[in-house]
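In: need coordinates for the below:
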Amino acid sequence: MAEITAAMVKELREKTSAPMMDCKKALTEANGDQEKAIIILRTKGQASAEKKASRVTSEGVVTSYIHAGGKIGVLLEVNCESDFVARTTEFQGLVHDIAMHIAAVDPRYVRKEDVTATDLDREKEIYRAQAAATGKPAPVIEKIVEGKMGKFYEEVCLLEQPFIKEQSVTITQLIATVIGKLGENISVRRFARFKVGESTETVAVAKLAAVAEEKAE
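Out: Reported below is the predicted structural model:
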């Protein structure tokens, strides 16, 4: 069994922001392997997030992020369970990172379930037509469409996207890590992204969608 030194624990904490004791336990389980310890911490964080997923998130913050010399702006609401957690450095840092990611990557939806039926049907028909043109049988075509839809969700849904600062981690996994650390459920409720010179039609559609969401609540 490898010796777990304070320096190793500190290095893992700097990489993951996990509590010191959790880092030490993960390193012990991984026999000192930093990469394996990171995977262990992320797996435990995801499990913790799943257990807390049904808990109500009625607190949180609305933040703004301005990028590219004032050319791109983001408004973002992220929720948690208590005002205490909402004011922590870890939560505030997570919110800032997500807002920065939205500014850089420009997702269209928060999660897969938010994608409109119109967008889904359009994408599936495009992928189905492309696959059919190759002459493949129907069952194979449907598998191809399913695979391409996974890539589509990754491109347009915030929670499915690789985090801009660490491509090996999705936004969902990033949030799960902070949930594991803070012990509260955390959820992204909504966001709006604005870009100078953006089509007014695009903005109008976004506003109509936001109004519809508010009426539905």
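In: contact partners for the residue nearest the centre of the chain?
Out: Centroid-nearest residue in the chain, with C-alpha atoms, centre = their mean: residue 171, separated by 2.2 Å. Counting by C-beta atoms under 8 Å, 6 or more residues apart in numbering, residue 171 touches 98, 101, 158, 159, 160, 161, 163, 188. In short, each C-beta sits where N, CA and C put it, glycine included.
In: shouldn't residue 81 be in contact with residue 55?
Out: Yes: using C-beta atoms under 8 Å, residue 81 is in contact with residue 55, at 6.1 Å.
In: gap between the residue nearest to the centre of the chain and residue 178?
Out: Counting by C-beta to C-beta, to the nearest Å, the gap from residue 171 to residue 178 is 11 Å.
In: how long is stretch 81-90 end to end?
Out: Using C-alpha to C-alpha, to the nearest Å, one end of stretch 81-90 lies 14 Å from the other.
In: mean confidence score for that stretch?
Out: Mean pLDDT, stretch 81-90: 94.
In: in it, what counts as buried?
Out: Across stretch 81-90, burial judged by 16 or more other C-beta atoms under 10 Å covers 81, 82, 85, 86, 88.
In: give me the contact list for it.
Out: Residues contacting stretch 81-90 (C-beta under 8 Å, 6+ apart): 17, 55-61, 80, 91, 178, 181-182, 184-185.
In: emit the PyMOL select command for whichever of those residues are buried.
Out: Buried members of the contacts of stretch 81-90, defined by 16+ other C-beta under 10 Å, are picked up in PyMOL with:
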select buried, resi 17+57+59+60+80+91+178+181+182+184+185
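In: how close does the residue nearest to the centre of the chain sit to residue 165?
Out: Using C-beta to C-beta, residue 171 is found at 11 Å from residue 165.
In: how close does residue 35 sit to residue 173?
Out: Counting by C-beta to C-beta - residue 35 and residue 173 are separated by 15 Å.
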